[in-house]
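Chemist: need a 3D model of the following:
(one chain, ligands or ions: 1)
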Amino acid sequence: MDQPWWQKAVLYQVYLRSFADSNGDGVGDLRGVIDKLDYLDWLGVDALWLSPVTVSPDKDWGYDVSDYRDVQPVFGSLDDVDELIVEARERGMRIVLDLVPNHTSDRHPWFRDPAKRDWYVWADKPNNWVSAFGGPAWTYDKQVGRYYLHNFAPGQPDLNWWNTEVRDEFDRILRFWFDRGIAGFRIDVANGLIKDKELRDNPPVQRGDPPVLRRFGQRPTYNRGETWVMDLERLARFYGTGTDQLHLAFNFPYTFAPLEAAALRDVVERTQAVFPPEAWPVWMLSNHDIPRFPTRTCGGDERKIRCALLALLTLRGTAVLYQGDEIGLEQVDVPLDRRRDVEVEGRDGCRTPMPWTSDGGWSDPWLPLGETTRNVEDERADPKSILNFVRDVIALRRSNADFQSGSYEPLEAPDGVWAYRRGDSTVVLNLSDEPRAYEGTTLAPWEGAIN
Ligand code: NOJ
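Modeler: The predicted structure is shown next:
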């Protein structure tokens, strides 16, 4: 049977506001993406996942939607989306959109429509649920005289997915975009759509729970399951054989594992062990919510960045690059007075503008540019750059079926070395500070090879 395109794919996440600005207003836009399609084609990616393009008051930068069927004016228009789809298709690339079905903006007309009260989640007395952005997940609404649920900011009321009208409306929204020719959706907070019908209190955290939960003081048993799950067995349950399950569910345990042979190998092997046979893994290292991996796991060390990218692109599964990963872009320390994010800890540092040239290529961008030593133009001209390395590995992945469909088989290797076979090919990574011998050759510290 033919393998579906998304299994072989390298997906490229475009954080629209910071990708490319075609009209000089300091905010990236759809025409900017169209202008960069030749670059993305040269890089060799198969599909672009765009952060929300829909209309939004931008309390959470697009993740608070006030119209699911139109484009945020600062990004362009529906015509631009159509053109992007066509232009991408001409280069053999697909467009995946972000869908935000867990909540709307509080400015969405549905939220103020008395006939649609039951489209949201209400309570007379709030339970103990906390919002992912900190503080209670409930806000009192004077007009209604009850509390509404918001698992994120107060401007993001949660929808009630027990209500069939909500489900039917989203079916129509999906159809609206599929009819325009998009290839699929990344579903925001897919794990949180269904809330406990009885709105029971969450239990407190237990010893041994991951730090991400300890921060909240409770386990999100009744309000969120998350494919943002740190438990692989739970992650596996998001897959299945039916038609109503996810094709891919992000593997955060891999993303947050340290760059150590034993740790990475362990996550990959456990993933393989708990996933149903049909479930296809997806790997990523950075996104618009977490610190960029070149800083977070690699401390800026170029050798380590290459090792992390080599594994990402050669493991069995779909690979997702976040814009800038391909040039080894680092996290930016955004000064307090320039921060724009609603989240307490702030996610601006991974959302800064993409540096296209040594001066960035932006005029007065909405977030400050970071260091531009690593930029697209210079790296493209340098055959030894991270960018050209990534392009070469993607090209290999595309031309060699081992990397698309071959099984993953871990190999015996000395301490600090991670080695695995994909079909007839072998990937070896020396993730240590010492030279290591492997199969008659010596790998320098932090050197990777494909044989
Ligand atoms: C997950 C998204 O990735 C994040 O950026 C957003 O703030 C929340 N969901 C709420 O929509």
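Chemist: which ones are touching C350?
Modeler: S286, N287, H288, D289, I290, P291, R292, Y322, Q331, V332 (Cβ atoms under 8 Å, 6 or more residues apart in numbering). C-beta here means a position set from N, CA and C on the backbone, and glycine is covered the same way.
Chemist: right, I mislabeled it, should have said L50
Modeler: Going by Cβ under 8 Å, 6+ apart, L50 touches V14, L16, V33, I95, V96, L97, D98.
Chemist: from what I can see the first one touches Q323, true?
Modeler: Yes. The pair V14 and Q323 passes the contact test of Cβ atoms under 8 Å, sitting 5.7 Å apart.
Chemist: right, is stretch 141-156 up against the ligand?
Modeler: Yes. In terms of Cβ under 6 Å from any ligand atom, part of stretch 141-156 sits within range of the ligand, namely F152.
Chemist: packing partners for the host helix or strand of V81?
Modeler: Assessed by DSSP states H and E, V81 sits inside helix 78-90. Contacts defined by 3 or more Cβ pairs under 8 Å, 6 or more residues apart in numbering; DSSP states H and E place helix 78-90 against helix 30-35, helix 37-43, strand 67-71, strand 94-99, helix 164-180.
Chemist: relative orientation of the last one and strand 67-71 in degrees?
Modeler: So that's helix 164-180. Angle, helix 164-180 to strand 67-71, by axes from the mean of the first three to the mean of the last three Cα atoms, to 10 degrees: 20 degrees.
Chemist: state the distance from the closest residue to the ligand within the chain to D188.
Modeler: Residue nearest to the ligand within the chain (Cβ to the nearest ligand atom): Y63, separated by 3.4 Å. From Y63 across to D188, the span is 6 Å (Cβ to Cβ, to the nearest Å).
Chemist: ok, the two, which is more surrounded?
Modeler: Y63 (24 against 20; other Cβ atoms under 10 Å).
Chemist: so that one, which of the three states?
Modeler: State at Y63, reduced to three classes by DSSP: H, G, I helix; E, B strand; the rest coil: coil.
Chemist: contacts only, for the closest residue to it other than its chain neighbours.
Modeler: Excluding the flanking residues, the one nearest Y63 by Cβ to Cβ, 6 or more residues apart in numbering is V100, at 5.5 Å. V100 makes contact with P52, T54, G62, Y63, D64, V65, D188, V189 under the criterion Cβ under 8 Å, 6+ apart.
Chemist: so N451 sits right up against T426, yeah?
Modeler: Yes. With contacts counted by Cβ under 8 Å, N451 reaches T426, the gap being 4.6 Å.
Chemist: how about stretch 251-261, does it get close to the ligand?
Modeler: No. Stretch 251-261 lies out of reach of the ligand by Cβ under 6 Å from any ligand atom, never closer than 11.8 Å.
Chemist: for the nearest residue to M284 once chain neighbours are set aside, give me phi and psi.
Modeler: In space, and not counting its chain neighbours, M284 is closest to V320: 3.9 Å by Cβ to Cβ, 6+ apart. When read as degrees, to the nearest 10, the backbone of V320 gives phi -120, psi 120.
Chemist: what sits opposite V320 in the beta ladder?
Modeler: Taking DSSP bridges as the rule, V320 bridges to L11, M284.
Chemist: and for it, the neighbour number?
Modeler: 25.
Chemist: what residues does the chain put near the ligand?
Modeler: Residues of the chain lying near the ligand (Cβ under 6 Å from any ligand atom): D60, Y63, V100, F152, D188, V189, H288, D289.
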